[in-house]
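Undergrad: generate a structure from the sequence data that follows.
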Amino acid sequence: MFPNFYHLVKDLLGIEIPGLVYVNTFGFFVAIAFLLANYTMRLELKRKEEDGLLEGMPGKQWFGKLPGVTDYASNAILGFIFGWKFIYLFVNASTLFDDPQSHILSSEGSILFGVLAAVISVGLKYYDAIKVKRKYPEPIEKDIVIHPYQRMGTITLVAAVAGLLGAKIFDHMEHWDEFIANPLGAFLNPFSGLTFYGGLICGGAAVLWLAKKYKINWKHMLDVGGPAMMLAYGVGRIGCHMSGDGDWGQVNEFAKPSFLPDWLWAYTYPNNVAGICDAEAHTGCPPGQIPELILPVWPTPLYEAIMCVGLFFVLWYLRKRISIPGVLFSVYLFLAGFERFWIEKIRVNAVYKIAGMEITQAELISTAMMIGAAIMFVWFRKTNKSQDLEIKTTSTDE
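TA: Just a heads-up that it's a prediction; the model follows:
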């Protein structure tokens, strides 16, 4: 597996680039997932506005306003941190190769690189200010229209922060004993121990809050987000599989069909980032041993990646063929819950005992998703018919 891009490039191209050790494979695919979600949502918001389903908000914007002391100070601080910590890490990648994360969180760095980066950052800010001054000798405030798709930068950023926090919180709830044993260590690693449903619930709530703030119809916002979340989840699962983060399945003891390759049926996840050797006991490897599962397991992240990317195209096809707001999101919610419920049957996960039954957190939430999807589907259709009837009645009275 490829915990970072150093291993990926080395295995694929035979080239060793020490600096790539800092490009976390799972984190990279999470970032790509957010970018793809942003792109697809922008496309849908534009389409819905062109179809007259959404409209922009009036606003004001300053043109020619020069940066103040606070702007220069923030650029200097960010530039210093970048030079002091990250440039230093890249320059010394060969010596910090084994454990870059601990160095990122330490006080080790280069004051010289920090000062140089701060000066360059302030200089670039000043250069931008000169260009603005030439174009606008005097600052002017203009009336503008802010379109829904132009809000996606803020929406994506807030959803990312809320989603990652939610994913961490739900994972800690699922593995409470491990969290209590080392709470600080659990939170300091941002891309390990993430639960999708926690990200979905918290990130989705943040998006709906922003939609209300920006006066974007919440039903249309749900429809815009459904396909995007399905695609983002599928791409994120590629990162899980590529890095070997422990989200694999149970030990696969079944005979492999002759037409399938080994890696698609049962996989040992060599050099997995989770540091696990025994999939059944979910225990780590002896010191110095390269992590690789003793017994091969179902590569469930790969299955989910294939299924969810395929389901994204199904939703993308349906988006122009479903006219009732909210219904497309109901379809997404049911498909996402259905897919996850059944994949849990062969996944490794913490189990709760409820009324004599063993059930995972994901099974509970995915069941609630499917039931909720059915209720929402009926409710959206019913309210849409009621609104149509009200409009027709009003037109007849007039």
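Undergrad: give me the element the nearest residue to L222 once chain neighbours are set aside is part of.
TA: Sequence neighbours aside, F329 is the residue nearest to L222 in space, at 3.7 Å (criterion: Cβ to Cβ, 6 or more residues apart in numbering). All C-beta atoms are positioned from the backbone trio N, CA, C, and that covers glycine. Counting by DSSP states H and E, the element that carries F329 is helix 327-343.
Undergrad: that older thread, where does the residue nearest to L222 land on pLDDT?
TA: If you check F329, the pLDDT there is 96.
Undergrad: where's N272, which helix or strand?
TA: According to DSSP H and E, N272 maps onto no helix or strand at all.
Undergrad: nearest residue to it other than its sequence neighbours?
TA: Per Cβ to Cβ, 6+ apart, closest to N272 is G244, 2.8 Å.
Undergrad: likewise L328?
TA: In space, and not counting its chain neighbours, L328 is closest to D223: 4.3 Å by Cβ to Cβ, 6+ apart.
Undergrad: okay, and that neighbour sits in which element?
TA: Following DSSP H and E, one finds D223 within helix 218-243.
Undergrad: residues in contact with the closest residue to D247 other than its chain neighbours?
TA: In space, and not counting its chain neighbours, D247 is closest to C240: 4.6 Å by Cβ to Cβ, 6+ apart. Shown in contact with C240 (Cβ atoms under 8 Å, 6 or more residues apart in numbering): 26, 247, 301.
Undergrad: now do C240 against F5, distance only.
TA: 16 Å (Cβ to Cβ, to the nearest Å).
Undergrad: same question for S110.
TA: On the measure of Cβ to Cβ, S110 and F5 end up 23 Å apart.
Undergrad: do you know the pLDDT at L231?
TA: Looking at L231, the pLDDT reads 96.
Undergrad: do I have it right that it meets M307?
TA: No: assessed by Cβ atoms under 8 Å, L231 is found out of contact with M307, at 12.0 Å.
Undergrad: which strands and helices sit next to the helix or strand where P301 lies?
TA: P301 belongs to helix 300-318 when assigned by DSSP H and E. Applying 3 or more Cβ pairs under 8 Å, 6 or more residues apart in numbering; DSSP states H and E, one finds that helix 300-318 makes contact with helix 218-243, helix 327-343.
Undergrad: would you tell me which one of those helices is buried the most?
TA: helix 218-243 (a mean of 25; mean count of other Cβ atoms under 10 Å).
Undergrad: okay, the angle between it and helix 327-343?
TA: Orientation of helix 218-243 against helix 327-343 (axes from the mean of the first three to the mean of the last three Cα atoms, to 10 degrees) gives an angle of 30 degrees.
Undergrad: what ranges do the strands span in this structure?
TA: With DSSP state E as the criterion, the chain has strands at 57-63, 140-146, 276-278, 283-284, 351-354, 357-360.
Undergrad: which of these has the lowest mean pLDDT?
TA: strand 351-354 (a mean of 74).
Undergrad: for K60, which of the helices and strands packed on helix 300-318 is the nearest?
TA: Of all the helices and strands packed on helix 300-318, helix 218-243 sits nearest to K60, with 24.0 Å by Cβ to Cβ.
Undergrad: helices or strands next to the helix holding F329 in the packing?
TA: Applying 3+ Cβ pairs under 8 Å, 6+ apart, we find helix 327-343 packed against helix 218-243, helix 300-318, helix 361-397.
Undergrad: keeping just the C-alphas, turn stretch 147-160 into PDB.
TA: In PDB, the C-alpha atoms belonging to stretch 147-160 read as follows (Å, rounded to 0.1, in the frame of the first residue of the first chain):
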ATOM      1  CA  HIS A 147     -25.000  34.000  -7.400                       C
ATOM      2  CA  PRO A 148     -25.500  30.800  -5.400                       C
ATOM      3  CA  TYR A 149     -22.600  29.000  -7.100                       C
ATOM      4  CA  GLN A 150     -20.300  31.800  -6.000                       C
ATOM      5  CA  ARG A 151     -20.900  30.800  -2.400                       C
ATOM      6  CA  MET A 152     -19.400  27.400  -2.900                       C
ATOM      7  CA  GLY A 153     -15.900  28.400  -1.700                       C
ATOM      8  CA  THR A 154     -17.300  29.300   1.700                       C
ATOM      9  CA  ILE A 155     -19.700  26.300   1.800                       C
ATOM     10  CA  THR A 156     -17.000  23.800   0.900                       C
ATOM     11  CA  LEU A 157     -14.600  25.200   3.600                       C
ATOM     12  CA  VAL A 158     -17.300  25.200   6.300                       C
ATOM     13  CA  ALA A 159     -18.500  21.700   5.300                       C
ATOM     14  CA  ALA A 160     -15.000  20.400   5.300                       C
END
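Undergrad: chain center to it: distance?
TA: How far stretch 147-160 lies from its chain's middle: 14 Å, per Cα atoms, centre = their mean, to the nearest Å.
Undergrad: break this structure into its domains for me.
TA: For the chain, automatic domain parsing gives the domain ranges 5-56+147-331, 61-144.
Undergrad: what's the end-to-end length of the shortest one?
TA: By Cα to Cα, to the nearest Å, the extent of domain 61-144 from end to end equals 7 Å.
Undergrad: what's the answer for the first one, then?
TA: One end of domain 5-56+147-331 to the other measures 36 Å (Cα to Cα).
Undergrad: how far off centre is that domain?
TA: Per Cα atoms, centre = their mean, the centroid offset for domain 5-56+147-331 relative to its chain is 5 Å.
Undergrad: going forward, count from 121.
TA: With the count now opening at 121, the last piece we talked about shows up as domain 125-176+267-451.
Undergrad: end-to-end on stretch 398-407?
TA: 14 Å.
Undergrad: for I426, what are its contacts?
TA: G354.
Undergrad: confidence score at it?
TA: pLDDT for I426: 96.
Undergrad: measure it to T190 for me?
TA: As judged by Cβ to Cβ, I426 and T190 stand 48 Å apart.
Undergrad: for the stretch 221-370 of the chain, which residues score under the pLDDT cut-off?
TA: For the stretch 221-370 of the chain, residues meeting the criterion pLDDT under 70 lie at 221-226, 291-317.
Undergrad: so the residue nearest to L342 touches D343, yeah?
TA: Yes: counting by Cβ under 8 Å, D343 is a contact partner of F449 at 5.2 Å.
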